[in-house]
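In: model this:
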Amino acid sequence: MLRCGATLGAAVAALLSVAPTLAFAATDAAMLPRNLSPWGMFTHADVVVQAVMIGLALASLATWTVWLAKTVELRQATAQARERIAALEGGASLAEMARDCGEASDAVARLVQAAAHEASLPGASWDADFKERIALRLERVEAAMARRVGQGTGILATVGAVAPFVGLFGTVWGIMNAFIGISQAHTTNLAVVAPGIAEALLATALGLVAAIPAVVIYNHLARVITGYRALLGDASAQLLLLLSRSKGRPAALGRVG
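Out: Predicted coordinates for the structure are as follows:
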């Protein structure tokens with residue numbers, strides 16, 4: 001009987017020692033937020049962290065919008081440039097090319113129009129000055145077309161450079177809120193710390209989600225634009241060759257007026 005009593009007493013003592021821990025655990029479980037999904041963390045986040053998340057989401061949307069728009073634009077521009085260059089290589093005269101281009105606004109058409117305009121000016125003849133004037137006109141048109149096709153890519157560079165730091169700001173702010181909650185609650189249990197840390201990590205994740213695609217897409221578009229500018233250089237070279245074949249024959253320079 002004494003042995004059974006001692007065993008029962010030890011069991012009771014063990015239960016009493018564990019009871020406070022179980023009570024605290026139950027309290028922590030009750031205090032933990034019910035929804036730790038991304039949307040739940042967003043709705044329960046501080047207004048500053050919410051603003052950071054919204055800004056990063058908009059930046060990501062702008063990144064993909066620019067990617068879609070520039071991809072379509074560059075694909076069409078490259079196809080048009082290749083078609084015009086093929087016509088130049090086919091042996092068409094400058095006047096014929098100018099008539100075919102008409103009022104078109106694509107890059108190679110602008111190059112043809114610039115060369116035809118210079119050739120149509122009074123006193124045009126193939127000499128060193130004429131060649132220099134044509135080359136200058138073509139260079140300026142190339143630069144203008146390259147600037148036009150490159151518009152919008154600066155947004156990608158900005159998002160790729162800034163988004164990680166914006167996400168880091170949201171992280172710091174969320175951790176600050178977590179420490180403030182610890183101080184106000186006078187406890188370090190998980191129920192107080194978890195929401196702020198979760199919000200901070202979500203802001204970091206959104207910063208990376210916005211920045212990584214922006215950098216990749218910017219580098220891709222930069223390569224495509226470089227290839228497009230090379231096509232414009234080929235078109236300018238073909239125009240100079242076309243004009244050089246008309247050397248000494250002013251009438252063949254292409255009066256288009």
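In: so which residues of the stretch 51-200 of the chain form helices?
Out: Here the stretch 51-200 of the chain has its helices, by DSSP state H, counting those that start in this stretch, at 94-101, 107-120, 128-150, 153-185, 190-244.
In: and the last one, what other elements does it pack with?
Out: Counting by 3 or more C-beta pairs under 8 Å, 6 or more residues apart in numbering; DSSP states H and E, the packing neighbours recorded for helix 190-244 are helix 2-31, helix 38-44, helix 47-89, helix 94-101, helix 107-120, helix 128-150, helix 153-185. Glycine gets a C-beta too; all of them are placed from N, C-alpha and C.
In: quick one: which of the helices of the stretch 51-200 of the chain is nearest Thr65?
Out: Closest to Thr65 of the helices of the stretch 51-200 of the chain, according to C-beta to C-beta: helix 153-185, at 9.0 Å.
In: and the closest one, which residues are buried?
Out: Residues of helix 153-185 classed as buried: 153, 155-156, 159-160, 162-164, 166-167, 169-171, 173-175, 177-178, 181 (neighbour count, 16 or more other C-beta atoms under 10 Å).
In: can you check stretch 54-68 too?
Out: 55-56, 59-60, 62-63, 66-67.
In: want to throw those residues into TSV with pLDDT and distance to Gln76?
Out: Converted to TSV, the buried residues of stretch 54-68 look like this (pLDDT from 0 to 100; distance: C-beta to C-beta, whole Å):
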residue	pLDDT	distance to Gln76
Gly55	92	32
Leu56	92	31
Ala59	94	26
Ser60	94	25
Ala62	94	21
Thr63	95	21
Val66	94	16
Trp67	95	15
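In: surely Ser60 meets Pro213?
Out: Yes: judged on C-beta atoms under 8 Å, Ser60 makes contact with Pro213 at a distance of 7.2 Å.
In: re earlier: Arg229: which of the helices and strands packed on helix 190-244 is closest?
Out: Here helix 128-150 is closest among the helices and strands packed on helix 190-244 (C-beta to C-beta), at 5.1 Å.
In: who does that closest one touch, helix- and strand-wise?
Out: helix 47-89, helix 107-120, helix 190-244.
In: fine by me, thanks again.
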